[in-house]
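> A structural model of the following input is requested.
(2 chains)
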There are 2 protein chains.
Amino acid sequence: MFWRAFVVWGRRAERGDMKELQFWYEFASPYSYISMMRIGDIAEQVGVEVHYQPFLLGPIFKDFGWELSPFITYPEKGRYFFRDIQREAAAYGLPLTMPAEFPQRGLLAARTALVGMEEGWGVAFSQAVYVRQFSEGLSISGEEDIGFILESMEMGEVGGILARAQSDEIKGKLFKITDQAKALGIIGAPSFIAREELFWGNDRLERAFQYALGY
Amino acid sequence: MFWRAFVVWGRRAERGDMKELQFWYEFASPYSYISMMRIGDIAEQVGVEVHYQPFLLGPIFKDFGWELSPFITYPEKGRYFFRDIQREAAAYGLPLTMPAEFPQRGLLAARTALVGMEEGWGVAFSQAVYVRQFSEGLSISGEEDIGFILESMEMGEVGGILARAQSDEIKGKLFKITDQAKALGIIGAPSFIAREELFWGNDRLERAFQYALGY
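Alright, predicted model coming up:
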């Protein structure tokens, strides 16, 4: 019922103006992985432009008094969510291999993604980071991991990209973006913003698109 | 896509044996209200038997170190969830009026519901508690509130029911049920259990039904 209505709404929107949706994602977040793998197809289908925005969830969790991921702080929640993530990935037909270290530090990935956003390869890079981490279960926290991803994307000047990712300018930019996330009331990832309305969680992706389309 | 597959699966299951789904709900929980209003129709449509199980979330949150609702402990989360609850209720066509006091104490409601489950009016009573609390925005925490609900259900012997709800036997029963919830790994409400698999949240209701049906 919900999905059917959604498809009809999408078609209707094609007659109107281009609508926008902000997609806020944290690299360590497996639900962000699921949304990253889904959002492009839906956006194309319903004619909504997605603004991809990597950010850091750590500083927001710190404000809650959580020094670690809630999956770790609350082991009962962790047990539930690992099972839920498996089921959700399966339901969307996505491979899932949880990395040995979880959650991983997504700091360098986020900084590199910001460089990529400036240069036009940020979305492809972000997808590659998620595939490496949650499809293949590999590390994404080290410089060698990010370097490997950039090389497999056939980016030249990998050393130069990594240096820029670690520059004060990019560090400051990520800091500012994460402050902006706090100001927007973001409490988790993935988050979506449509017409100034905040939606949290992969299971709110369709709702966010509907809202972006004006329904 | 998801919903369409779900309806087909439901039809298929009609040929098989009666499947079961446990529905664990906490009276103070607005998402439990939404599930309570949805679950009966879906269960009938797909041929799954629902076991209604009121319980207390407070002792589980206490184990997390939360003395209050997470909506209160984390004001940013509270702000988000109040908005999300409004949107979800609207999406399912349910009226929503948040009660002035939130969250309310659902202790007496839960105890009374257990009496009702023994006597065959527990589900109707539970629905009436949710309607009073979240459709009408009224109090459900006091003896006069529960008494009013029982009277409007045209139950005789309201005093006798309330006395039984406060008996050591029913108190002990609710205590035991809440321990059982912990043992099952329940971390929030509403929760659903299908074939020993735990699902949390109104947005997992369809998934839980699918799993109950064997998919």
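> okay, CA-based contacts and neighbour counts for the rest of this
Fine.
> so the residue nearest the centre of chain A bridges to which residues?
For chain A, the residue lying nearest the average C-alpha position, counting by C-alpha atoms, centre = their mean, turns out to be residue A:25 (2.7 Å). The bridge-partner assignment for residue A:25, based on DSSP bridges, gives residue A:54.
> OK, contacts around it?
Contacts for residue A:25 were tallied using C-alpha atoms under 8 Å, 6 or more residues apart in numbering or on different chains; they are A:32, A:52-55, A:189-191.
> farthest pair within those?
Farthest pair in the contacts of residue A:25 (C-alpha to C-alpha) is A:52 and A:189. Separation: 12.6 Å.
> anything in contact with each of the two?
With contacts defined as C-alpha under 8 Å, 6+ apart, the residues adjacent to both residue A:52 and residue A:189 are A:24-25.
> more neighbours, those two?
residue A:189 (26 against 19; other C-alpha atoms under 10 Å in any protein chain shown).
> dihedrals phi and psi, the more buried one?
The phi/psi pair for residue A:189 (degrees, to the nearest 10) reads phi -140, psi 150.
> how about the helices in chain A?
When assigned using DSSP state H, the helices of chain A occupy the ranges A:2-13, A:30-46, A:58-63, A:70-73, A:75-91, A:107-119, A:122-130, A:143-152, A:158-165, A:168-183, A:205-212.
> can you list the ones you listed in JSON lines and add distance to residue A:137, mean pLDDT and mean neighbour count?
Listed next are those as JSON lines, based on distance: least, C-alpha to C-alpha, whole Å; pLDDT from 0 to 100; neighbours: other C-alpha atoms under 10 Å in any protein chain shown:
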{"stretch": "helix A:2-13", "distance to residue A:137": "31", "mean pLDDT": "43", "mean neighbour count": "15"}
{"stretch": "helix A:30-46", "distance to residue A:137": "11", "mean pLDDT": "97", "mean neighbour count": "18"}
{"stretch": "helix A:58-63", "distance to residue A:137": "21", "mean pLDDT": "89", "mean neighbour count": "16"}
{"stretch": "helix A:70-73", "distance to residue A:137": "17", "mean pLDDT": "76", "mean neighbour count": "14"}
{"stretch": "helix A:75-91", "distance to residue A:137": "13", "mean pLDDT": "93", "mean neighbour count": "15"}
{"stretch": "helix A:107-119", "distance to residue A:137": "15", "mean pLDDT": "98", "mean neighbour count": "21"}
{"stretch": "helix A:122-130", "distance to residue A:137": "9", "mean pLDDT": "98", "mean neighbour count": "20"}
{"stretch": "helix A:143-152", "distance to residue A:137": "12", "mean pLDDT": "97", "mean neighbour count": "16"}
{"stretch": "helix A:158-165", "distance to residue A:137": "22", "mean pLDDT": "98", "mean neighbour count": "16"}
{"stretch": "helix A:168-183", "distance to residue A:137": "25", "mean pLDDT": "97", "mean neighbour count": "15"}
{"stretch": "helix A:205-212", "distance to residue A:137": "24", "mean pLDDT": "97", "mean neighbour count": "22"}
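> and those as JSON lines, adding distance to chain B?
Rendered in JSON lines, the data for these read as follows (distance: least, C-alpha to the nearest C-alpha, whole Å):
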{"stretch": "helix A:2-13", "distance to chain B": "6"}
{"stretch": "helix A:30-46", "distance to chain B": "12"}
{"stretch": "helix A:58-63", "distance to chain B": "9"}
{"stretch": "helix A:70-73", "distance to chain B": "9"}
{"stretch": "helix A:75-91", "distance to chain B": "6"}
{"stretch": "helix A:107-119", "distance to chain B": "24"}
{"stretch": "helix A:122-130", "distance to chain B": "23"}
{"stretch": "helix A:143-152", "distance to chain B": "33"}
{"stretch": "helix A:158-165", "distance to chain B": "31"}
{"stretch": "helix A:168-183", "distance to chain B": "9"}
{"stretch": "helix A:205-212", "distance to chain B": "9"}
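> can you list those in CSV and add distance to residue B:104?
Output for the helices of chain A, formatted as CSV (distance: least, C-alpha to C-alpha, whole Å):
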stretch, distance to residue B:104
helix A:2-13, 31
helix A:30-46, 31
helix A:58-63, 27
helix A:70-73, 26
helix A:75-91, 24
helix A:107-119, 41
helix A:122-130, 41
helix A:143-152, 49
helix A:158-165, 49
helix A:168-183, 29
helix A:205-212, 28
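> for residue B:73, which of these is the nearest?
Minimum separation from residue B:73 across these (C-alpha to C-alpha) falls at helix A:58-63, 11.8 Å.
> closest to residue B:59 out of the contacts of residue A:25?
residue A:189 (27.5 Å).
> does residue A:49 touch residue A:41 like I think?
No: if you go by C-alpha atoms under 8 Å, residue A:49 and residue A:41 don't touch, sitting 11.2 Å apart.
> overlap in contacts, these two.
Once C-alpha under 8 Å, 6+ apart is applied, it turns out that residue A:49 and residue A:41 contact no residue in common.
> what sits against residue A:79?
Residues in contact with residue A:79 (C-alpha under 8 Å, 6+ apart) are residue A:71.
> where's it relative to residue A:198, distance?
Applying C-alpha to C-alpha, to the nearest Å, one obtains 27 Å for the distance of residue A:79 from residue A:198.
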